[in-house]
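Asker: need the 3D shape of this:
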Amino acid sequence: MLEEGQSSLIGLNVPFVHFIDRCGQEGQEPSHNATPRLGCKVMRDFKGMEDIDKETKVALLDFSFHLTIGNMDAAYQAVKRIKSQTIWENMAQMCVKTKRLDVAEVCVGNMGDARIAKALRDAKQEKELDACVGLLALHLGLIDDAKQLFIGCERYDLLCELHQARGEWEEAIAVAERHDRIHLRPIYFNRARFLEETGDTQLAIKAYEEANCHQKEVPRMLYTRGKLTELENYIMEKDDHVMTAWWAQYCESKGQYDQALKLYMRAQDYLAQVRVLCFLDQYERAMDVCHETNDPAALYHLARQLEAQGNTRGAIELYSQAGGSNHAIRLARQTGEMPGQLLGLAMHSTPRLMIDSARHFEEQGDHAKAVALYAKAGETARALELCFEAQLFDALSDMVESIDENTVSAETMAKCGQFFVEHQQYDKAVHLYVKAKELDQAIDLCFNHNILITEEMAEAMTPDKAEGEGADNSARSALLFKLAKCCKRQGNYHLACKKYTQAGDKIKAMKALIKSGDTEKISFFANVSRKKEIFIMAANFLQTLDWHNDQAIMKNIIQYYVKANALNSLSGFYEACSQVEIDEYRDYEKAFSALKEALKYMIKARVPDKEERMASLQQRIFMVEKFVHARKLVKQDPEQMIKLCNSLLDTPDVESGIRVGDVYALCVEYYHSTGDMNNAYSLIQRMREAKIILSPYLDREMIESIFRAVGLDPVADDELGEDIEEEVGEEIMGD
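Answerer: Below you'll find the model as predicted:
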């Protein structure tokens, strides 16, 4: 490629390119005013081969041509005639510039250098092309080119290796710190080894510290060089536990036990302290170290020493503190000492040791401890057998929760249940009978001894439903009926409802639910069941509530009767509504509307006494309508109102439709408002003769004013006085 100031290609004469050069004198800047000169430059592929002969030049041109078009056979034939090793080496170096590894293989092969050939073959294992070329450049002596290639492909590990091989430690560390930190410590270590070999121990120590391997390498280096004083000073200065323990071992090997103990204490190597103290027969000091540090290894070592001396009790205690339960148990069983502690040790050991200890207690006749260990180790069957053999009721009671179908057979569980029944532990017996699938016996126990059935127990007592054609679930239904009856007897109505439902009897389920009084669940069950009888039962229950003041309840009552097509009952409900409006609120307008609804549904109903019921409703409607009309005429046509009231009073069986007291009260109130006290008093007397209590219909002050107006004292009248006193008493109780 031409550089700045070089232009106007004149000609090409391999290996030279001729051009015009305007750079002027050497070292001057390019200028258009400079005198142009004829320049000459060697082609890139022929650098270092300017003086080759014509035959070699032709061979190289043919080689490059055939290589470019991919004709490798012709390319190899072209270069067969070249024998100069220098030319092949120059070509190999050019292959580094052009990154042509295929050409480089030919060049290296013709060079006859086996080392470079092997290096090139190994380099081809690298994934990056620049890394392969860089390794080739390295073996060809092109160090700078190799560095640039490694940087270009970001193979900083190879770059670090190159720096280390050339002794460029600072450059290697700098590259590793920025780009290859994973190899930073190995570089420090290699540098330390290099410094150690060159005899620079101080710098080597620093490098070993930077490599974080000074704990072993520095003592090794100084010890092998005989610098013990320097090594001791270094260890004391660093105060490192590993090196301090190493120096303590050195002192111990020299018989300097006091110094070794101090160093072991400084290094917090409690096992070594105890080991040295035991060697010196200073067991009390060793015991103090164990109690102060509670180090497991130290405790274990001292326990072994005490066992060897025959101090069984002390050895067992130390084994247990060290967590060596197996050794403590072994020693306790061998000597027969401390049976109480043996149980505690076994309870906190492995299942295998628990079983071995249980067998030991069983052989000794201590069945209670054996049962506890068998149960803890999961050998429930054996524990139960031992309970039965030794009649250990208390131990069996403690095992109830751990007994299931996975640990023992159903027969064993039933046997345990019978054992509890004999000892009047019925709740535990039920628990075991349920696990053993002896559900009839479990429910019988609940019935006979009033064992409370929880929801969890009830689910466990519910057998699975048989599937498939011809499946017989009669036994299951009978069991569920029995269970539901027991739950109902215990007052658990919700659970009884659930079990009756599972048994297929929704009527009994609804009856149980009604006893619970849970309105929300009763309504939900009725809506889900969608059964006529259940709708009627739900509606009948809702009528016992305050439906008059809760429109939602009234709506549900009507809805349920309609869904059940119970028009007769719906008609009766509307009759009840009308009677409540009359008796409680004296609202004859609403009573009239309710009676009309009752008649409407009675017309649609199918009942034996339909005609009589309809006639009765029509008669009541007629009387209520007539009285409602009379109340409307109080201001418009009083005389007509009086006539209508008198006709109602003269009507036979008027009480079936309206309250006579309301008719009298309407007339009395009218006469009192017009000042006709005589007629008002006359009507009051008729009410008294008809034995109608005045207080529910007439105001007390109005009655007193009427009596005074006709010249009578209301208090002096015995019957009226009783009515007044009764009314006053009712007001006081209301307050």
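
Asker: contacts and neighbour counts: CA atoms only from here.
Answerer: Noted.

Asker: can you map out the helices along the stretch 501-650 of the chain?
Answerer: The residue ranges that make up the helices of the stretch 501-650 of the chain, judged by DSSP state H, counting those that start in this stretch, are 506-516, 519-529, 532-542, 551-563, 567-585, 588-604, 610-636, 638-650.

Asker: mind listing what's buried in the longest one?
Answerer: For helix 610-636, a neighbour-count test (16 or more other CA atoms under 10 Å) marks 613-614, 617-621, 623-628, 630-631, 633-634 as buried.

Asker: one step back: ok, which of the helices of the stretch 501-650 of the chain comes nearest residue 244?
Answerer: Taking CA to CA as the criterion, residue 244 comes closest to helix 519-529 out of those, the separation being 78.6 Å.

Asker: list the buried ones in the closest one?
Answerer: Of the residues in helix 519-529, those scored as buried under the neighbour-count criterion (16+ other CA under 10 Å) are 519, 522-523, 525-526, 529.

Asker: least trustworthy position among these, going by pLDDT?
Answerer: The weakest per-residue confidence within the buried residues of helix 519-529 falls on residue 529 (83).

Asker: skipping its backbone neighbours, what lies nearest that residue in space?
Answerer: Residue nearest to residue 529 in three dimensions, not counting chain neighbours: residue 506, with 7.6 Å by CA to CA, 6 or more residues apart in numbering.

Asker: ok, so what distance separates the one you found from residue 563?
Answerer: According to CA to CA, to the nearest Å, residue 506 stands 17 Å off from residue 563.

Asker: of those two, who's got more company?
Answerer: When residue 506 and residue 563 are compared on other CA atoms under 10 Å, the one with more neighbours turns out to be residue 506, at 21 against 15.

Asker: where does that one land on pLDDT?
Answerer: What the model reports for residue 506 is a pLDDT of 86.

Asker: tell me the pLDDT at residue 678?
Answerer: Residue 678 is assigned a pLDDT of 90 by the prediction.

Asker: settle this for me: it is touching residue 711, isn't it.
Answerer: No: contact status for residue 678 versus residue 711: not in contact, 10.4 Å apart, counting by CA atoms under 8 Å.

Asker: more crowded one of these two?
Answerer: Per other CA under 10 Å, whichever of residue 678 and residue 711 has more neighbours is residue 678, with 15 against 9.

Asker: work out for me the element that one sits within.
Answerer: Secondary structure assignment for residue 678, by DSSP states H and E: helix 677-689.

Asker: what do you get for residue 41?
Answerer: Applying DSSP H and E as the criterion places residue 41 in strand 37-42.

Asker: same check on residue 19?
Answerer: Applying DSSP H and E as the criterion places residue 19 in strand 16-21.

Asker: check which helices and strands that strand is in contact with.
Answerer: Using 3 or more CA pairs under 8 Å, 6 or more residues apart in numbering; DSSP states H and E as the contact criterion, the neighbours of strand 16-21 among helices and strands are strand 6-13, strand 37-42.

Asker: worst average pLDDT in those?
Answerer: Lowest mean pLDDT within the helices and strands packed on strand 16-21: strand 6-13, a mean of 68.

Asker: relative orientation of the following helix or strand past the helix holding residue 678 and helix 677-689 in degrees?
Answerer: Downstream of helix 677-689, the next assigned helix or strand under DSSP H and E is helix 700-709. Regarding helix 700-709 and helix 677-689, their directions subtend 120 degrees when assessed with axes from the mean of the first three to the mean of the last three CA atoms, to 10 degrees.
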